[in-house]
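**Q** missing the sequence, but the structure's below:
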């Protein structure tokens, strides 16, 4: 990775999204010169006080005209989650894979790219970056394919396999209630019965703000390579018990397991470089509870808060 003499100029592609919201705020707070590039898939406006380009990652003409004005690109744009990806596999291929191949070929600067721990699929071992992958979905397969593109064409990139995210991103982007911790916390705060899909499955959890912290840490410490990124491994039943402890008088109902993913991840490789997560599960549950209780979300069950449901409505 190039060592920058001053603060690099940064383009956040997908900066209006869930991870992008937290990352943009952090970069602004740290004094970076940034611009956001986004097609507003989940938003109807972008009012954050930062330069903005309204465009799609499949718009190679627009990308070509701006991309090499920047030293660093955070390439966050993607269709995220199996439910969103199966709606239109062709679009998934174009957004999650083909755009990354274009980036690898055409961008001269440093690339930071989020993949997913879902590439591990269902395995019983404690998995590190050298463990075999076993993607069980179009989403995981597409992110693994993008990883491989960068590994082969841009080994100087910084790639993170993200754990299952939770928490609130920023005050601008829509809250996501389709993530396991956020979903349970929202339902409990609304007094609904929690529908638990298999309690013994493992998930490596990570607060969305810690993704932003880890990414900025990477560019500030000239880090390249592939890293698992997570705070701690939890079983689904452990998550529900913590929700029940913090939001009492909630009922649980077991349902048949539909999501076959089951993996415990070792995140020590990146932590050994000095990064540490700042947030924990309790913090994330409580911030979702307070958001719901405050009435700041008019309809928490609106499809906009679920990637899959919202994408279905777009096709």
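**A** Okay, I see it. As the structure is a computational prediction, the values presented were derived from the model and not from experiment.
**Q** from here on, contacts and neighbour counts on C-alpha atoms
**A** Will do.
**Q** ranges for the helices of the stretch 201-315 of the chain?
**A** Listed from the start of the chain, the stretch 201-315 of the chain has helices (DSSP state H, counting those that start in this stretch) covering 208-220, 236-246, 268-271, 281-293, 307-314.
**Q** dump those helices to a markdown table, plus mean pLDDT, mean neighbour count and distance to residue 95.
**A** Converted to a markdown table, those look like this (pLDDT from 0 to 100; neighbours: other C-alpha atoms under 10 Å; distance: least, C-alpha to C-alpha, whole Å):
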| stretch | mean pLDDT | mean neighbour count | distance to residue 95 |
| --- | --- | --- | --- |
| helix 208-220 | 98 | 21 | 21 |
| helix 236-246 | 90 | 18 | 30 |
| helix 268-271 | 98 | 18 | 27 |
| helix 281-293 | 97 | 18 | 29 |
| helix 307-314 | 91 | 16 | 13 |
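**Q** how about the ones you listed, which one is nearest residue 121?
**A** Between residue 121 and these, the shortest separation by C-alpha to C-alpha is 15.6 Å, and it involves helix 236-246.
**Q** can you tell me what sits against the closest one?
**A** Residues from elsewhere that reach helix 236-246, judged by C-alpha atoms under 8 Å, 6 or more residues apart in numbering: 181, 184-185, 188, 196, 198-203, 250, 282, 285-286.
**Q** name the SS class of residue 176, please.
**A** Using DSSP: H, G, I helix; E, B strand; the rest coil as the criterion, the local structure at residue 176 reads coil.
**Q** which residue ranges form the helices in the stretch 51-200 of the chain?
**A** Under the criterion DSSP H, counting those that start in this stretch, the stretch 51-200 of the chain carries helices at the ranges 60-66, 82-85, 89-93, 99-106, 138-153, 180-189.
**Q** let's have those helices in a markdown table, adding mean pLDDT.
**A** Listed next are the helices of the stretch 51-200 of the chain as a markdown table, based on pLDDT from 0 to 100:
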| stretch | mean pLDDT |
| --- | --- |
| helix 60-66 | 97 |
| helix 82-85 | 93 |
| helix 89-93 | 96 |
| helix 99-106 | 98 |
| helix 138-153 | 97 |
| helix 180-189 | 93 |
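**Q** how about the ones you listed, which one is nearest residue 25?
**A** Evaluated over the helices of the stretch 51-200 of the chain, closeness to residue 25 peaks at helix 180-189, with 20.9 Å, by C-alpha to C-alpha.
**Q** angle of that closest one against helix 281-293?
**A** Between helix 180-189 and helix 281-293, the angle comes out at 50 degrees (axes from the mean of the first three to the mean of the last three C-alpha atoms, to 10 degrees).
**Q** follow-up on the earlier one: and among the helices of the stretch 51-200 of the chain, the most buried is which?
**A** Sort those by mean neighbour count, taking mean count of other C-alpha atoms under 10 Å, and helix 180-189 sits at the top with a mean of 24.
**Q** which residue ranges of the stretch 1-150 of the chain form strands?
**A** For the stretch 1-150 of the chain, the strands defined by DSSP state E, counting those that start in this stretch occupy 9-13, 33-38, 52-54, 72-75, 110-116, 122-127.
**Q** strand partners (parallel or antiparallel) of the shortest one?
**A** Strand 52-54 has the following sheet partners, assigned by DSSP bridges: strand 33-38 (parallel).
**Q** with the last one instead?
**A** Under the criterion DSSP bridges, strand 122-127 sits next to strand 262-265 (parallel) in its sheet.
**Q** ok so, going back, would you convert the helices of the stretch 201-315 of the chain into a markdown table that also reports distance to residue 53?
**A** Formatted as a markdown table, the entries for those read as follows, by distance: least, C-alpha to C-alpha, whole Å:
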| stretch | distance to residue 53 |
| --- | --- |
| helix 208-220 | 21 |
| helix 236-246 | 38 |
| helix 268-271 | 32 |
| helix 281-293 | 30 |
| helix 307-314 | 21 |
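**Q** circling back to that earlier point, dump the helices of the stretch 51-200 of the chain to JSON lines, plus distance to residue 31.
**A** Supplementary listing: those in JSON lines, determined by distance: least, C-alpha to C-alpha, whole Å:
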{"stretch": "helix 60-66", "distance to residue 31": "21"}
{"stretch": "helix 82-85", "distance to residue 31": "34"}
{"stretch": "helix 89-93", "distance to residue 31": "34"}
{"stretch": "helix 99-106", "distance to residue 31": "26"}
{"stretch": "helix 138-153", "distance to residue 31": "28"}
{"stretch": "helix 180-189", "distance to residue 31": "30"}
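**Q** out of these, the one nearest residue 214 is which?
**A** Sorting those by C-alpha to C-alpha, the top spot, which is the nearest, belongs to helix 138-153 at 17.9 Å.
**Q** who are the packing partners of that closest one?
**A** If you count contacts as 3 or more C-alpha pairs under 8 Å, 6 or more residues apart in numbering; DSSP states H and E, helix 138-153 packs onto helix 82-85, helix 89-93, helix 99-106, strand 110-116.
**Q** please name the nearest non-neighbouring residue to the spatially most central residue of the chain.
**A** Within the chain, the residue whose C-alpha comes closest to the C-alpha centroid is residue 19; the distance, by C-alpha atoms, centre = their mean, is 5.3 Å. Across the structure, with C-alpha to C-alpha, 6 or more residues apart in numbering as the measure, the residue nearest residue 19 apart from its sequence neighbours is residue 208 (6.1 Å).
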